[in-house]
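Undergrad: Show me how the following folds:
(2 chains)
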Protein chains: 2
Amino acid sequence: MPSYKAPVEDTLFLLYDVLGFERHANLPGFSDASRDVVEAVLQETGKLAEEAFQPVNRIGDVQGCVRADDGSVAIPKGFKAAYDAFAEGGWIGLSADPEYGGQGLPHTLAAIVNEYVSSANMALAMYPGLTQGAIAALTLHGSDALKRTYLPKMIAGDWTGTMNLTEPHCGTDLGLIKTKAVPNGDGSYRITGTKIFISAGEHDLTENIVHLVLARIEGAPEGTKGISLFVVPKLLINDDGSLGDRNGVSCGSLEHKMGIHGNATCVMNYDGATGWLVGVEHRGLPAMFTMMNEARLGVGIQGLAQSEVAYQNAVAYAKDRLQGRALTGAQDAAKPADPIIVHPDVRRTLLSIKAFNEAARALILWTSLKGDVGHASDDAKDKQTGDDLMGLLTPVIKGVITDVGFDNTVKAQQMFGGHGYVAEWGMEQFVRDARIAMIYEGANGVQAMDLVGRKLGRDGGRAIMALFKEIDGFLAANAADEGMKPFLEPLKKARGDLQSATMWFMANAMAKPDNAGAGATDYMHLFGLVALGYMWAKIARAALDKTVDGTGDAAAMGVKLTTGRFFMERCLPETGARLAAISAGADAVMALPAEAF
Amino acid sequence: MPSYKAPVEDTLFLLYDVLGFERHANLPGFSDASRDVVEAVLQETGKLAEEAFQPVNRIGDVQGCVRADDGSVAIPKGFKAAYDAFAEGGWIGLSADPEYGGQGLPHTLAAIVNEYVSSANMALAMYPGLTQGAIAALTLHGSDALKRTYLPKMIAGDWTGTMNLTEPHCGTDLGLIKTKAVPNGDGSYRITGTKIFISAGEHDLTENIVHLVLARIEGAPEGTKGISLFVVPKLLINDDGSLGDRNGVSCGSLEHKMGIHGNATCVMNYDGATGWLVGVEHRGLPAMFTMMNEARLGVGIQGLAQSEVAYQNAVAYAKDRLQGRALTGAQDAAKPADPIIVHPDVRRTLLSIKAFNEAARALILWTSLKGDVGHASDDAKDKQTGDDLMGLLTPVIKGVITDVGFDNTVKAQQMFGGHGYVAEWGMEQFVRDARIAMIYEGANGVQAMDLVGRKLGRDGGRAIMALFKEIDGFLAANAADEGMKPFLEPLKKARGDLQSATMWFMANAMAKPDNAGAGATDYMHLFGLVALGYMWAKIARAALDKTVDGTGDAAAMGVKLTTGRFFMERCLPETGARLAAISAGADAVMALPAEAF
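TA: Take a look at the predicted model:
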């Protein structure tokens, strides 16, 4: 019943008119990404999402994944054809190294494609999505031999990838990992242990699966500094590259989950499986974090993706469902009632989602682009800015966009009244699927602590000071423009709240770290609001420019300005409440003994 | 896996120490509700909830309801034994008219019992819950003959009740109802039409089901003023009171829903079913609203109930799960990690739920008690106050407590990390079950419009002015108490925001009703925050008094004060953001044409 249309036009507007993607054409990777190429990528992957991924989304939810007694797992009907089309299009390796068959295009384009396919079918999109993370980790940390063995097959989509971190007794606290690795003497290791919550751990989509596994080499130091990263293929690979014997790794069971039923979430048993070290002994965690950061950005994109598809369907319903009359009198007197989109509360709800989605998309693209430019540029300052902002923004994108994205699926479901609660309409699946994004790849509370405890103070706060400087520069450059006033004043106020919160931490969290912990989630959301507000100010600037110079459709640009004004007036004032909560400090939070809860 | 403990102690503290329940002992109904009786009611129903309702909650979710080809519906295993125990205890008729077998106790006590059983098993609690609503409607609007026929059986729990409003094309907009009633000439009517989303519409729990059905008598005026209310039993009743032939009403299908799987949500087909008019021709809607208001309060209670049970389980997990170390250093160095309840962000999350639950419980009891006192008292002023406040607070309780209650189940689920997403842990069921409460008995946007469009201005704003007066009286009476300062200042600020919002509507919504519609939901939540803040101030007053006079355990009273301070510092500041959103008005909300969404 639900439908999906990839927002290609909005993406192009953001990429070119707001973010000036074409300004970087001189950089490697970008030089191959002419506007024609970018448009073709967006249109083709958008079409794949709409026509191959979306039609099997609901069947994936209903059928789920089924494990047979032999440990094999069947994934939902129709998933393979869609996956194959995606792999054959070369989309898995869109931003991967051309040496191994990738297209070498900017990661920003891969982020866009991930949004489209995740909107259309989140459970299915996770199979190639996790593969991309594994490709990134192997590319950066693997030996040449490992890269030659695995990357071409993974980039082609013949083999998928997984990440194996969690164990029954340890999730966030990876220092507790027990999975053991014993050297075989030939450069390989015997891996033994149990991993849980392994997405795409076993399936019948591809002939082989490449597991990246955190384990502790016998005799390694305790804690996080004794963990190594291994590659463990489901089927061993012969010297000629052909597939060999089954390795000692198998799926022990599947989890029964709230959502993403089409993705196989496995308990993986490693029973003396053969694995090869990726990178340096005991330095597995930093290597895995390459994959994690990629994955966290990807999860933030899932939050936007579910919010977007839920919004599209809520809008369609609101235009179609007749119920009640407009407060100002019947809009369509010939019909028994008006469509519910005439009601202010329905519009307010829809606009709050729309205003979030467009700014969240902008923020993801803006951050990705900074990362890409840093990556491709020879300029040390560009590199530093890219690294700094990617580090600072990744937890914000993961935490805020999945929190609000989930809330938005709930709001969109609400538009349907009782029908939203009924499975056939598909809205409740969006809610259930979106829910996991707040949890995996580091629960959002952990993202908040990463932001406040690690990213904020790193290098003397260089990253956030750079961000403030960029926003201040924008405010100053636009101060004289009357048309920008509805955007600048609220942004200035919100930015001030963020600065006050940051200073409050500086003054109060050094001596008492609980003050940072107690305010971390509020700070992350305050940060997200300011970042999204800044995006709306940038969008408004572009919309005004294109209205004046005639390159933009005046009506479409007017819609942008109105949507942005809605965000500034109705969403941004939340910063004040967040600041107040942060400034309350940890006293009441920490006062009670555990038994008083 | 999840467990539940009825919060009897907290309820008694609220009832006696905060709300002075015993002060009304002179009133009818209350005179039978001595403290001993109340304690016995709470303990016995709490035990039933814990030992009979809760153990079958998960099996109800997994099994769901099954419709056979003959239209009969089997409900989950174990539900009947729990239901029978509840009925046999006389709990369905706790506040029903003694003339028909009820206990005639205050409704406030029934509200408490509903919280307990809804926490333990929401899907199961709905069967007696809906029956209570039907009992209320028949008691107030039914003829003596109807009352004699139906009430004793319903109060005894031998027959359950339903409410039939929604049709495929009409939910909120009941003026569109098409179900037809044709007089049979003998005082009965032939009812024909289709009703959807009928909770408990068909089941094998009791021998008969009593449907209250809205239908339009042939030739009735169009719109809401031509709708009548009928009672339509599943099995006709012979003159001697025995059960007779099957009536022309049947379950056409069951909905596949996101949650409350244990409750049968039916499409009901009326095919010339015999029904009897309840109350006056064409005046069915006001009669049905007796049931609706009862039901709306009951749904608000469901929001609290799911929030409470989710909280209890999150606390248990947070004390048990070892992960990471306290920011201030290891709390239990002998163990591999500290329990996650040491982390400030975990405590903040848990406290935000706890602080909400205790105030929400207070608000429900305070409102119920005002209603009970108004109902029982001979004093015209008491009656007016009771009616006014019940009218004003019902949409707030329904809308706010189900919105925040649902959010709280999501927060509680989040405490479990990946385990929260796995069905066996039971946390995701709380989320799915709680979700419906935001939708049924009038979606929360409709509650907001009821509050702003109908309740606020009624009788010249008498109800809200009385509430302001009560809060102001409290503020003045406590102004000199230093210990109350952390409560009074924030309450005063929040109350000021509510007044500003109310005045903004007065100034801006008369001429432009969209200004009220665009701000309605924010206003409802602003109202809820002030009401909950007022409850915390009242709780703090009681806690301070009991600390001073020694009647309260100092540690327990200290926990109340800390929890309340947390609410005032961290939750209440949201009023400012709500006021800002309201004051932004409808311009941006209404500006876009439908096709721009």
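
Undergrad: quick one: the helices in the stretch 151-300 of chain A?
TA: A:284-320 (DSSP state H, counting those that start in this stretch).

Undergrad: longest single strand anywhere in chain A?
TA: Criterion DSSP state E: the longest strand present in chain A is strand A:265-278.

Undergrad: buried sites along it?
TA: Buried residues in strand A:265-278, counted by 16 or more other Cβ atoms under 10 Å in any protein chain shown: A:Thr265, A:Cys266, A:Val267, A:Met268, A:Asn269, A:Tyr270, A:Ala273, A:Thr274, A:Gly275, A:Trp276, A:Leu277, A:Val278. In short, each C-beta sits where N, CA and C put it, glycine included.

Undergrad: Check which helices and strands it sits against.
TA: helix A:122-141, strand A:188-199, strand A:208-217, strand A:228-233, strand A:249-254 (3 or more Cβ pairs under 8 Å, 6 or more residues apart in numbering or on different chains; DSSP states H and E).

Undergrad: And those: which comes nearest chain B?
TA: Judged by Cβ to the nearest Cβ, the one of the helices and strands packed on strand A:265-278 that comes nearest to chain B is strand A:188-199, at 4.5 Å.

Undergrad: close to chain B, is that closest one?
TA: Yes. For a cut-off given as Cβ under 8 Å from any Cβ of the partner chain, strand A:188-199 has contacts with chain B, namely A:Ile196, A:Phe197.

Undergrad: and the helix or strand of chain A with the lowest mean pLDDT, how far from the chain's centre?
TA: Each helix and strand of chain A was given a mean pLDDT (mean pLDDT, DSSP states H and E); the minimum falls on helix A:284-320 at a mean of 93. Relative to its parent chain, helix A:284-320 has a centroid offset of 4 Å by Cα atoms, centre = their mean, to the nearest Å.

Undergrad: Could you do stretch A:162-174 as well?
TA: 19 Å.

Undergrad: Equivalent analysis for stretch A:246-265, please.
TA: That offset, for stretch A:246-265, works out to 21 Å (Cα atoms, centre = their mean).

Undergrad: next one: stretch A:43-51
TA: For stretch A:43-51, the distance to the chain centre is 19 Å (Cα atoms, centre = their mean).

Undergrad: now swap in stretch A:29-46 and tell me
TA: 21 Å.

Undergrad: Can you check what angle separates the longest strand of chain A from strand A:249-254?
TA: Interaxial angle of strand A:265-278 relative to strand A:249-254 (axes from the mean of the first three to the mean of the last three Cα atoms, to 10 degrees): 160 degrees.

Undergrad: residues contacting A:His211?
TA: A:Gly161, A:Thr162, A:Asn164, A:Ile198, A:Gly201, A:Val231, A:Val232, A:Pro233, A:Lys234, A:Val249, A:Met268 (Cβ atoms under 8 Å, 6 or more residues apart in numbering or on different chains).

Undergrad: Now which of the residues you listed would you call buried?
TA: Applying 16+ other Cβ under 10 Å to the contacts of A:His211 flags A:Gly161, A:Thr162, A:Asn164, A:Ile198, A:Gly201, A:Val231, A:Val232, A:Pro233, A:Lys234, A:Val249, A:Met268 as buried.

Undergrad: Tell me what the residue lying closest to A:Ile217 once chain neighbours are set aside is bridged to.
TA: Spatially, and ignoring its direct neighbours in sequence, A:Ile217 is nearest to A:Ala181 (4.8 Å; Cβ to Cβ, 6 or more residues apart in numbering or on different chains). Note on A:Ala181: beta-bridge partners by DSSP bridges are A:Ile191, A:Ile217.

Undergrad: Show the model's pLDDT score for A:Ala181.
TA: If you check A:Ala181, the pLDDT there is 98.

Undergrad: Check which residues of the least confident helix or strand of chain A are buried.
TA: Here helix A:284-320 shows A:284-285, A:287-288, A:290-318 as buried, counting by 16+ other Cβ under 10 Å.

Undergrad: same deal with stretch A:91-105?
TA: Buried residues in stretch A:91-105 (16+ other Cβ under 10 Å): A:91-97, A:100-105.

Undergrad: Which one of those residues is nearest to chain B?
TA: A:Ile92 (25.6 Å).

Undergrad: Assumed the closest one was part of a helix.
TA: No. A:Ile92 is assigned coil when assessed by DSSP: H, G, I helix; E, B strand; the rest coil, not a helix.

Undergrad: Just put the buried residues of stretch A:91-105 in CSV and tack on distance to chain B and pLDDT.
TA: Formatted as CSV, these follow (distance: Cβ to the nearest Cβ, whole Å; pLDDT from 0 to 100):
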residue, distance to chain B, pLDDT
A:Trp91, 28, 98
A:Ile92, 26, 98
A:Gly93, 29, 97
A:Leu94, 29, 98
A:Ser95, 28, 96
A:Ala96, 28, 97
A:Asp97, 32, 97
A:Tyr100, 32, 98
A:Gly101, 33, 98
A:Gly102, 31, 98
A:Gln103, 33, 97
A:Gly104, 35, 97
A:Leu105, 32, 97
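
Undergrad: Fine by me, we can end here.
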